[in-house]
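Colleague: this one's structure only:
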Ligand SMILES: Cn1cnc(CNC(=O)c2cc(-c3ccc(F)cc3)cc(O)c2O)c1
Ligand SMILES: [Mg+2]
């Protein structure tokens, strides 16, 4: 039967990227998505904004909601200091199978824990299951109608501390209007918008960076 897009993306990584070289994995995926098949990775343009937020923050504990093929997982993990940890949640088992191989090819598996399941099931279990107190950075890139409920759930579970940064993808396209309204109007967040483009296209999109004020 016909292969899936994630399978073809993984094949491109294995053909064009060097094992243990995260940058070559990122470049291979961006080339594949720009010249062969579009895929919903955060991409190179928004990826540079993601890189700058991670580099400035130097986070020890990172949560990613929505792994997909592991592109942003690799982007973030390659910048983490030794001992720092990234937990990435993916609901779709077919995506998880591909993401594990992309993460392994990049050689950053020792910084990453990929967890399969629903974010609303795992967020309440972060503390007891992973020994996490609070996160320094959360990258939201999963189902767009889950951004707001999951943010409220993280608040309720005490997973956010003064200074925790939420970085949300796709706040324009596909868009997350309820989440944007919340973080931009809540006195518990200081929020700002980084204007960019939808990955590999000329359509507007951007990242919203929201600092939790406690
Ligand atoms: C099925 N599924 C599993 N995970 C998810 C969560 N991600 C998205 O939905 C997502 C969608 C788009 C997008 C799709 C079509 C289009 F025309 C424009 C934009 C871009 C992204 O960067 C995304 O993260 C969806
Ligand atoms: Mg996205």
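Modeller: Yes, it's here. Because the structure is a prediction, the values reported are computed rather than measured. Ligands and ions are numbered 1, 2, ... in the order given.
Colleague: Only C-alpha atoms from now on, for both contacts and neighbour counts.
Modeller: Fine.
Colleague: separation between residue 123 and residue 27?
Modeller: Counting by Cα to Cα, to the nearest Å, the separation of residue 123 from residue 27 is 31 Å.
Colleague: Looking at the two, which is more packed in?
Modeller: Between residue 123 and residue 27, counting by other Cα atoms under 10 Å, residue 123 is the more crowded of the two (20 against 17).
Colleague: And the more buried one, how close does it get to residue 132?
Modeller: Distance from residue 123 to residue 132, by Cα to Cα: 11 Å.
Colleague: do the same with residue 144
Modeller: Counting by Cα to Cα, the separation of residue 144 from residue 132 is 25 Å.
Colleague: likewise residue 206?
Modeller: In terms of Cα to Cα, residue 206 sits 29 Å off from residue 132.
Colleague: who has more neighbours, the two?
Modeller: Neighbour count, other Cα under 10 Å: between residue 206 and residue 132, residue 206 has more, with 23 against 12.
Colleague: List of residues touching the helix or strand harbouring that one?
Modeller: Residue 206 belongs to strand 204-212 when elements are defined using DSSP states H and E. With contact meaning Cα atoms under 8 Å, 6 or more residues apart in numbering, strand 204-212 is reached by 46, 160-173, 180, 183, 188-198.
Colleague: how far is the helix or strand containing residue 181 from where the chain is centred?
Modeller: Element membership of residue 181, judged by DSSP H and E, is helix 177-185. Here helix 177-185 is found 19 Å from its chain centre; the criterion is Cα atoms, centre = their mean, to the nearest Å.
Colleague: again, but for stretch 204-214
Modeller: Relative to its chain's centre, stretch 204-214 lies at 13 Å (Cα atoms, centre = their mean).
Colleague: Just the helices from this structure, written as ranges.
Modeller: With DSSP state H as the criterion, the chain has helices at 5-16, 22-35, 43-57, 71-77, 93-106, 119-122, 126-130, 147-156, 177-185.
Colleague: ok and the third one relative to strand 204-212, angle-wise?
Modeller: Translated: helix 43-57. If you take axes from the mean of the first three to the mean of the last three Cα atoms, to 10 degrees, helix 43-57 sits at 20 degrees to strand 204-212.
Colleague: Stretch 154-173 vs ligand 1: in contact?
Modeller: Yes: using Cα under 6 Å from any ligand atom, stretch 154-173 reaches ligand 1 at 170, 173.
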